[in-house]
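# Sequence below, structure please.
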Amino acid sequence: MKNTIVLLGFCFSLAVVAAPTSEPSWKAKLRDIVAKVAGTEWSTKLLGGPPELSPELPMPEIPALIKKSTDVGSYSKKVKDSTEFDKLPVERKRQFNYKFLEELFQVTRKTTPRDEDLANWLNTLEQGGSREGVYQGLVLDEVYGGLESIEEQPSNKLLDFCLRYSQTFLAQTFKPEGLVKLNLYSLKRIFTEKGLDLLEYYEVRDLDSFYRWYALYSSELARNHSQLLNSPIRKEPSAAFHYEWAKGMPMQHIKSEYIIKLHLVMNGLQLQNQ
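Okay, here's the model as predicted:
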């Protein structure tokens with residue numbers, strides 16, 4: 001009890017001097033520690049709740065229901081200007097695509113890909129296939145179907161993340177008792193696909209909404225789960241930074257970053273609170 005009181009006093013002194021306009025990583029970690037020691041109510045009283053989405057950018061309107069149009073004319077995606085990646089020589093593009101495929105296998109199936117798998121999918125990309133299409137191929141085959149059949153209950157932290165993510169970025173509310181019946185691999189596929197559907201909705205109508213949604217999503221993951229991300233760019237908390245990054249990248253690269261970051265975070269959260 002004495003240690004708890006000392007910890008709470010220390011937290012209170014930090015809360016008084018901390019600037020309310022932003023939240024450094026130490027504060028988020030400290031909030032978690034206090035919540036574990038004294039409960040969520042005390043952590044909120046002393047340190048405040050987690051910050052809201054970055055005020056740097058407004059969240060685009062999220063439709064309540066996304067219906068894919070069967071009219072090809074009204075389904076044309078917005079054309080984006082050529083990016084620096086598009087201007088790279090073939091060999092340099094191949095190196096980037098190769099690294100993408102390696103990471104995609106690792107975060108989706110948590111396995112190292114075989115050389116023949118990499119060669120086949122690399123050929124698909126070089127023949128005009130999309131990164132999003134490769135992802136769909138990996139999560140809709142028999143191998144992934146087998147992973148989804150594994151009996152493994154999601155961790156509490158993974159469930160909490162799914163509920164927050166769906167409410168904030170999909171404008172959808174799920175019941176915990178329904179999600180708890182699904183394992184990690186099913187949850188990853190379902191929530192990734194819902195986000196891809198929304199990105200495609202923006203891609204057809206308004207690229208700026210696409211960039212803003214992606215930027216706010218990336219900022220949220222970086223501020224709350226930076227320890228689960230694996231590069232300085234992914235750990236960057238500024239929504240404005242991710243917004244500018246997205247504007248300068250091919251659409252498929254933005255989607256692949258969305259996919260990989262979501263899988264990284266969900267994989268990591270499954271290992272917590274087992």
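# Just say helix, strand or coil for residue 64.
coil (DSSP: H, G, I helix; E, B strand; the rest coil).
# Can you give me the neighbour number for it?
Residues near residue 64, counting by other C-beta atoms under 10 Å, number 7. All C-beta spots, glycine's among them, are computed from the backbone N, C-alpha and C.
# Report the separation between it and residue 141.
Distance of residue 64 to residue 141, computed by C-beta to C-beta, to the nearest Å: 32 Å.
# Test for you: state the pLDDT assigned to residue 46.
pLDDT recorded at residue 46 is 76.
# Is it correct that it is in contact with residue 33?
No: with contact defined as C-beta atoms under 8 Å, residue 46 does not reach residue 33; the gap is 11.1 Å.
# Who has more neighbours out of those two?
Using other C-beta under 10 Å as the criterion, residue 46 and residue 33 rank with residue 46 on top: 21 against 13.
# give me the element residue 252 is part of.
Secondary structure assigned from DSSP states H and E places residue 252 in helix 251-270.
# what residues are up against residue 264?
107, 228-230, 234 (C-beta atoms under 8 Å, 6 or more residues apart in numbering).
# Sorry, wrong one. I was asking about residue 83.
248-250.
# Quick one, grab the pLDDT at the closest residue in space to residue 255 that isn't next to it in sequence.
Leaving out its chain neighbours, the residue that sits closest to residue 255 by C-beta to C-beta, 6 or more residues apart in numbering is residue 132, at 5.0 Å. Looking at residue 132, its pLDDT stands at 96.
# do the same with the one 4 residues further on
Among the per-residue scores, residue 136 shows a pLDDT of 96.
# how about it, secondary structure?
Recorded secondary structure, residue 136: helix (three-state DSSP).
# burial count for it?
15.
# Contacts only, for it.
So residue 136 contacts nothing (C-beta under 8 Å, 6+ apart).
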